[in-house]
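Colleague: Quick one, fold the following:
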Amino acid sequence: MPASPQRIRKAVFPVAGLGTRFLPATKAVPKEMLPVVDRPVIQHVVDEARSAGIEHFVFVTGRNKSAIEDHFDRQPELEATLSERGKKYELAALAEALPEAGRTSFTRQQAPLGLGHAVWCARDIIGDEPFALLLPDMLHYGDKPCLAEMIEAYNEYGGNHIAVSPVPDSETHQYGIVGVEDKSAKVSRITQMVEKPKPGTAPSNLHITGRYILQPGVFDVLATQERGAGGEIQLTDAMLAMQKAGKPYHAVRFDGTIYDTGTKIGFLLANVAYGLQRPDLAPALKAGIAKLV
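Modeller: Numbering: from 1, shown residues only. Sure thing, here's the model as predicted:
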């Protein structure tokens, strides 16, 4: 009987991006701190990781991102004020969002050299362990957290895993696309990875959705990798190199809805969708939307 794969304990969150699509809102506020209803985008993603059993949260930050570190820390003055005013619900919400002491780490990506470089910046904190990588712009909404499904697949198959979701064939040229052995399976071995294939050439309609489980060998590949598209160190290039070296990659199909909060439309839709799931907000929100449209 094969040995069980090493447990996934740590997750990396690359949060060094400038958020230029949301200027001027992001001039002084990190894009990851923009709220979807009443929780910052990054909080939703951390909640997904925590619900999947992640114990240590590694944030790869940049300049002007201190608000993220402050968000995942205690604020005694605020807590004291809320306590004095009897704001029990608000106090509970703050406590729920707060990781345990020593469960967060922050490291700097000192130059905007791409996602692969951001992952490489976390190498000393991750060490020789497999880890999860969650892109904070992408909110995965479904009956079961996306990362939880991926960890289940990892526990069965080991290796590396990438979350995927179908898109219309007419849109495959906008995404990173994978080819798989079985396009209808929940979990299938990846045969190809193509970044923004030309129309009509995609190996499938399954696009990469911003959730990964990676083996620590990716750090060795990234350490010597040359810059790729856009003059950046691309994670996809490193994954392709590992796959060519015989390292298995599996696609885990996510059947929920994905909101790209890095775009204005995706951000607005996420706020509406998450608001409609709130019993305290849904009736008034539905009525307000009906008036607007």
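Colleague: pLDDT score for residue 2?
Modeller: With respect to pLDDT, residue 2 scores 50.
Colleague: brain fart, residue 20
Modeller: You'll see residue 20 listed with a pLDDT of 88.
Colleague: Pretty sure it sits against residue 26.
Modeller: Yes: checked against CB atoms under 8 Å, the pair residue 20 and residue 26 is within contact range at 7.4 Å. C-beta here means a position set from N, CA and C on the backbone, and glycine is covered the same way.
Colleague: so where do the helices sit in the stretch 51-200 of the chain?
Modeller: Here the stretch 51-200 of the chain has its helices, by DSSP state H, counting those that start in this stretch, at 66-71, 76-84, 88-97, 115-120, 123-126, 146-157.
Colleague: okay, these, which one's buried deepest?
Modeller: The highest mean neighbour count among these, using mean count of other CB atoms under 10 Å, belongs to helix 115-120: a mean of 24.
Colleague: Show me what the mean pLDDT comes to for it.
Modeller: On average, helix 115-120 scores 94.
Colleague: cool, and stretch 260-267?
Modeller: For stretch 260-267, the mean pLDDT works out to 95.
Colleague: How about residue 182: what's its closest non-neighbour residue?
Modeller: Leaving out its chain neighbours, the residue that sits closest to residue 182 by CB to CB, 6 or more residues apart in numbering is residue 188, at 4.4 Å.
Colleague: Number of residues surrounding the one you found?
Modeller: Using other CB atoms under 10 Å, the number of residues around residue 188 comes to 21.
Colleague: Test my guess that it contacts residue 178.
Modeller: No: with contact defined as CB under 8 Å, residue 188 does not count as touching residue 178 (9.1 Å).
Colleague: Of residue 20 and residue 26, give the one with the bigger neighbour count.
Modeller: Neighbours of residue 20 and residue 26, each counted by other CB under 10 Å, are more numerous for residue 26; the result is 18 against 9.
Colleague: ok, the closest residue in space to that one that isn't next to it in sequence - contacts?
Modeller: Spatial nearest neighbour of residue 26, chain neighbours left out: residue 19 (3.6 Å); criterion: CB to CB, 6+ apart. Residue 19 makes contacts with 26, 30-32, 262, as judged by CB atoms under 8 Å, 6 or more residues apart in numbering.
Colleague: Apply 10 Å and report the result again.
Modeller: If you count contacts by CB atoms under 10 Å, 6 or more residues apart in numbering, residue 19 has them with 25-27, 29-34, 64, 137, 262.
Colleague: Who is the residue nearest to residue 182 paired with across the strands?
Modeller: Judged by DSSP bridges, the bridge partners of residue 188 are residue 251.
Colleague: And the residue of the chain most remote from its centre, how close does it get to residue 91?
Modeller: Outermost residue of the chain with respect to the C-alpha centroid, by CA atoms, centre = their mean, is residue 84; its distance is 36.7 Å. The spacing between residue 84 and residue 91, counted by CB to CB, to the nearest Å, is 11 Å.
Colleague: now do residue 36
Modeller: Applying CB to CB, the value for residue 36 to residue 91 is 22 Å.
Colleague: Look at residue 213 and give its secondary structure.
Modeller: strand (DSSP: H, G, I helix; E, B strand; the rest coil).
Colleague: Count the neighbours of it for me.
Modeller: So residue 213, with other CB under 10 Å, has 25 neighbours.
Colleague: what's near enough to touch it?
Modeller: Counting by CB under 10 Å, 6+ apart, residue 213 makes contact with 5, 8, 11, 130-133, 147, 150-151, 153-154, 158-163, 249-250, 252.
Colleague: Now residue 267: closest residue in space, sequence neighbours ignored.
Modeller: In space, and not counting its chain neighbours, residue 267 is closest to residue 261: 4.5 Å by CB to CB, 6+ apart.
Colleague: I'd say that neighbour and residue 33 touch.
Modeller: No: between residue 261 and residue 33 there is no contact under CB atoms under 10 Å: 11.3 Å.
Colleague: Thank you, goodbye.
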